[in-house]
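Asker: with the input below, show me the fold.
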Amino acid sequence: MKRRRYLIAVVDGGGNVPPELSAARRLVKRGHAVTVLAEDSIASDVRATGATLRRWARAPNRPDRSPGHDPVRDWECKYPWQLVDRLVTTLLVGPAAAYAQDVSDALRDARPDLVACSMFCLGGMIAADAAGIPFDVLLANIYPFPAPGLPPFGLGLRPAHGMTGRFRDLVINRFAEHLWNARGLDGLNLVRRRFGLPPLGRFFEQVARARRQLVLTSAAFDFPARLPGNARYVGPVLDEPTWAESSRWQAPSGNGALVLVALSSTFQDQISCLQRIVDALSAIPVRAVVTTAPAVDPAALRSSPGVAIVLSAPHREVLWQAALAITHGGHGTVMKALAAGVPMVVLPHGRDQADTAARVTARGAGVALTRSASSGAIRRTVQHVLRDDSYRVAARHLGKVIRRDADGSTLVDELEALDSTKERWSATAPRSTSRLPIW
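Answerer: Next up is the predicted model:
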């Protein structure tokens with residue numbers, strides 16, 4: 001096997017970090033030279049992979065995951081257009097030239113055969129594009145762009161049925177494309193022009209130019225669809241983040257069913273929801289382990305004897321003993337729960353979480369509630385899912401496929417699948433005609 005050089009440009013969006021850094025870890029294990037561009041907020045996680053850490057210098061560099069250092073603050077957005085504006089300004093276009101310059105500098109030093117970028121790092125893709133170096137995009141959840149068979153992203157919809165459903169999808173996708181183009185296309189093309197590249201016709205065409213769009217989930221979990229030719233399902237990554245994998249935990253004493261509670265690893269204004277979950281579990285004969293992650297101080301929550309509130313715990317270890325998981329619908333937590341055959345109660349808070357919840361409920365592996373659900377509604381739903389064994393049967397059935405896909409080597413195989421002469425893909429990069437969604 002030929003030893004190659006890789007540059008991975010990671011933007012800390014929370015749940016995308018463990019699977020993207022797992023790609024770095026696996027490449028290092030295969031003997032490749034890997035450099036990771038990343039923020040200080042995940043510097044220790046990068047070092048743990050064995051890759052060379054290179055910090056963002058011009059681009060935004062979060063020192064930690066506290067709410068005050070979150071550039072997007074998406075929990076403040078009430079309407080889709082507000083979220084699009086915020087993402088364009090603070091993440092996708094506003095700092096794109098800075099991301100592109102940092103990646104350009106790293107290209108000169110690391111001389112990679114391939115660049116792999118977080119979905120958010122459009123500037124990194126532009127830099128690779130301008131240098132004529134192939135780049136892959138790492139999609140750390142379900143496939144987020146329109147494709148025949150998929151409902152529009154971001155709304156928690158199920159696949160369309162009949163003429164009415166297809167019309168629904170057409171209208172939403174066209175509105176979303178117009179919104180992204182109106183808010184971000186001119187700014188993105190200014191950055192491309194600065195790097196000597198021709199303008200794009202649509203905002204997310206930059207992603208479509210990737211050598212590969214690597215979808216870090218199982219095709220059996222996503223809704224069936226016909227993806228673009230450069231998109232590949234490569235299986236989920238079940239690795240724990242560094243800050244959680246060695247954490248010590250202990251379930252409360254007793255004989256009640258064990259419940260894992262895990263909302264976002266980044267701040268999503270989830271404290272009140274966490275408290276209602278704790279209150280609900282305190283009222284029934286279960287034992288619960290609530291992990292707040294670095295975004296929330298465990299001391300911010302009131303507890304009870306049957307509920308242990310901790311900063312972190314290795315979710316895979318807890319889930320193999322658990323009867324239920326309560327989650328916001330983050331893709332990583334959902335994959336770990338399914339791999340353990342554990343059904344879920346899902347309370348989406350935003351981002352891709354409603355779409356993930358729609359796939360959980362469509363497979364019969366759990367129940368979804370709104371994030372504003374009362375403690376009484378949460379309590380009744382928890383009792384229902386624990387009593388009805390069909391949810392566990394469905395979770396176990398899907399979990400067999402999840403484990404098989406997670407154990408495979410498809411992710412690294414795809415990253416290694418480069419022409420021996422180093423693909424000069426600029427003139428032949430895939431041009432997807434897919435219309436693109438609200439993020």
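Asker: all helices of the stretch 151-300 of the chain, in order?
Answerer: 162-180, 186-194, 205-208, 242-245, 271-282 (DSSP state H, counting those that start in this stretch).
Asker: which residues are contacting the second one?
Answerer: Contacts made with helix 186-194 from outside it, assessed by Cβ atoms under 8 Å, 6 or more residues apart in numbering, are listed as 88, 92-94, 96-97, 100, 122-123, 126, 129, 198-200, 203, 206. Quick note: C-beta positions are derived from backbone N, CA and C, even for glycine.
Asker: does the residue nearest to Asp239 when sequence neighbours are not counted sit in a helix, a strand or a coil?
Answerer: Among residues not flanking Asp239 along the chain, Ser22 sits closest, at 4.6 Å (Cβ to Cβ, 6 or more residues apart in numbering). Three-state assignment for Ser22 (DSSP: H, G, I helix; E, B strand; the rest coil): helix.
Asker: still on that earlier bit, out of the contacts of helix 186-194, what pair is the most spread apart?
Answerer: Gly94 and Pro198 (21.8 Å; Cβ to Cβ).
Asker: how about the strands in this protein?
Answerer: Ranges of strands within the chain are 5-9, 33-38, 52-55, 114-118, 135-139, 212-215, 231-233, 257-262, 286-291, 307-310, 324-327, 344-346, 366-368, based on DSSP state E.
Asker: and the nearest residue to Ala394 once chain neighbours are set aside, how many neighbours?
Answerer: In space, and not counting its chain neighbours, Ala394 is closest to Gly364: 3.8 Å by Cβ to Cβ, 6+ apart. By the criterion of other Cβ atoms under 10 Å, Gly364 has 16 neighbours.
Asker: follow-up on the earlier one: the more surrounded of Gly94 and Pro198?
Answerer: Neighbours per residue, other Cβ under 10 Å: of Gly94 and Pro198, the larger number sits with Gly94, 18 against 7.
Asker: touching, the more buried one and Val88? I think so.
Answerer: Yes: if you go by Cβ atoms under 8 Å, Gly94 and Val88 touch, sitting 6.9 Å apart.
Asker: which among the strands of the chain is found nearest to Asp45?
Answerer: Going by Cβ to Cβ, the one of the strands of the chain nearest Asp45 is strand 33-38, 8.0 Å.
Asker: quick one on the thing from earlier: phi, psi of the residue nearest to Ala394?
Answerer: Phi and psi for Gly364, reported as degrees, to the nearest 10, are phi 80, psi 20.
Asker: just to revisit the earlier point, what's around the residue nearest to Asp239, how many residues?
Answerer: Count around Ser22 with other Cβ under 10 Å applied: 19.
Asker: if we can go back for a sec, mind checking which of the contacts of helix 186-194 are buried?
Answerer: Burial by neighbour count, 16 or more other Cβ atoms under 10 Å: within the contacts of helix 186-194 this picks out 88, 92-94, 96-97, 100, 122-123, 126, 129, 200, 203, 206.
Asker: average pLDDT across stretch 121-137?
Answerer: In this model, stretch 121-137 has an average pLDDT of 97.
Asker: straight-line length of that stretch, end to end?
Answerer: Terminal residues of stretch 121-137 are spaced 9 Å apart (Cα to Cα, to the nearest Å).
Asker: same check on stretch 188-208?
Answerer: OK, stretch 188-208 end separation, Cα to Cα: 14 Å.
Asker: so the closest residue to Pro144 other than its chain neighbours versus Leu216, what's the distance?
Answerer: In this structure, Pro144 finds its nearest non-sequential neighbour in Phe153, 4.8 Å apart by Cβ to Cβ, 6+ apart. Using Cβ to Cβ, to the nearest Å, Phe153 is found at 16 Å from Leu216.
Asker: thinking again about what came up before, my guess is the residue nearest to Ala394 contacts Arg396. True?
Answerer: No: with contact defined as Cβ under 8 Å, Gly364 does not count as touching Arg396 (11.1 Å).
Asker: tell me, how many residues neighbour Arg47?
Answerer: 14.
Asker: for Glu317, give me its contacts.
Answerer: Contacts of Glu317 (Cβ under 8 Å, 6+ apart): Trp249.
Asker: so what pLDDT did it get?
Answerer: 88.
Asker: where's it relative to Thr217, distance?
Answerer: Taking Cβ to Cβ, one finds Glu317 at 22 Å from Thr217.
Asker: now swap in Ile133 and tell me
Answerer: 26 Å.
Asker: same deal with Ser66?
Answerer: Distance from Ser66 to Thr217, by Cβ to Cβ: 29 Å.
Asker: between those two, which one's more packed in?
Answerer: Thr217 (27 against 13).
Asker: return the residues in contact with the nearest residue to that one once chain neighbours are set aside.
Answerer: Excluding the flanking residues, the one nearest Thr217 by Cβ to Cβ, 6+ apart is Pro236, at 5.1 Å. By Cβ under 8 Å, 6+ apart, the contact set of Pro236 is 19, 216-218, 221, 331-332, 335, 339, 402, 405-406.
Asker: and the residues you listed, which is closest to Pro348?
Answerer: Closest to Pro348, out of all of these and judged by Cβ to Cβ, is His331, at 11.5 Å.
Asker: sounds good, over and out.
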